Structure formats: structure tokens, C-alpha cells
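Participant: I would like the atomic coordinates for the input below:
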Amino acid sequence: MKISIDIDCTPEEARTFLGLPDVQPMQTALVGELEKRLRANMEQMDTETMMRTWLPVGMQGLEQIQKMFWSRLAGAAGGPGDVKPDSK
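Facilitator: Numbers count the residues shown, from 1 in each chain. Got it, this is the predicted structure:
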């Protein structure tokens, strides 16, 4: 024996019939808050703002690498402080 029942109702009607709470106002408020936070974070992810934030740290690191590079080259080339006496 097989019995089929088709119920034609809206989600609101089913929720009311089953006694489930209406979460639509809470969902609307949460989605609005989420949208506000996402927009604020998107403004912080602006390319100009990111470059302004990252560039000073990156430039300091680059300057340190350049100083190390030039000091190694000067040492390898026998700069003024690395004069070696003749072995004669």
C-alpha cells in the first residue's frame, strides 16, 4: 500500500503550521550588518591604502638588502679598509 500526500503552501505557512519561529527580521538585520562590515573591509583593501601601509616596511627591507649587497661588493673588490700587504 502506498499513500501520497501533496501539500501546497508557502514557507511562511509551513513555518506557522509547524510552530517554528519567524527568523526573517533577524536574518535581515544580520545581512545588513554583514554588508556594512564587508563594505568597510573593502575600503581598507583599496590598492592605494595597502601600498601606503606596506611600502615603508618593504622599502626599509630593500634598503637593508642594498647596503648588505654593496658592503659585500666593496669587501670583495678590496675596498680601502681591505688593503692586504704584499707577501714578498
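
Participant: What ranges does the chain have for its helices?
Facilitator: Ranges of helices within the chain are 11-18, 24-44, 47-76, based on DSSP state H.

Participant: Generate TSV for the ones you listed, with mean neighbour count, mean pLDDT and distance to M1 as supplementary columns.
Facilitator: C-beta coordinates here come from the backbone N, C-alpha and C atoms, glycine included. As requested, those are exported to TSV (neighbours: other C-beta atoms under 10 Å; pLDDT from 0 to 100; distance: least, C-beta to C-beta, whole Å):
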stretch	mean neighbour count	mean pLDDT	distance to M1
helix 11-18	11	91	26
helix 24-44	10	90	40
helix 47-76	10	74	68
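
Participant: Take the ones you listed and lay them out in TSV including distance to S4.
Facilitator: Output for these, formatted as TSV (distance: least, C-beta to C-beta, whole Å):
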stretch	distance to S4
helix 11-18	18
helix 24-44	31
helix 47-76	59
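
Participant: quick one: V23 and R37, what's the gap?
Facilitator: Note on V23: its distance to R37, by C-beta to C-beta, to the nearest Å, is 20 Å.

Participant: Could you do G75 as well?
Facilitator: 53 Å.

Participant: repeat for D8
Facilitator: D8 is 39 Å from R37, by C-beta to C-beta.

Participant: what do you get for Q27?
Facilitator: From Q27 across to R37, the span is 16 Å (C-beta to C-beta).

Participant: repeat for P11
Facilitator: For P11, the distance to R37 equals 28 Å [C-beta to C-beta].

Participant: Check T28 too.
Facilitator: Distance, T28 to R37, by C-beta to C-beta: 15 Å.

Participant: try E63
Facilitator: Distance from E63 to R37, by C-beta to C-beta: 37 Å.

Participant: Spatially nearest residue to C9 (excluding sequence neighbours)?
Facilitator: F17 (7.3 Å; C-beta to C-beta, 6 or more residues apart in numbering).
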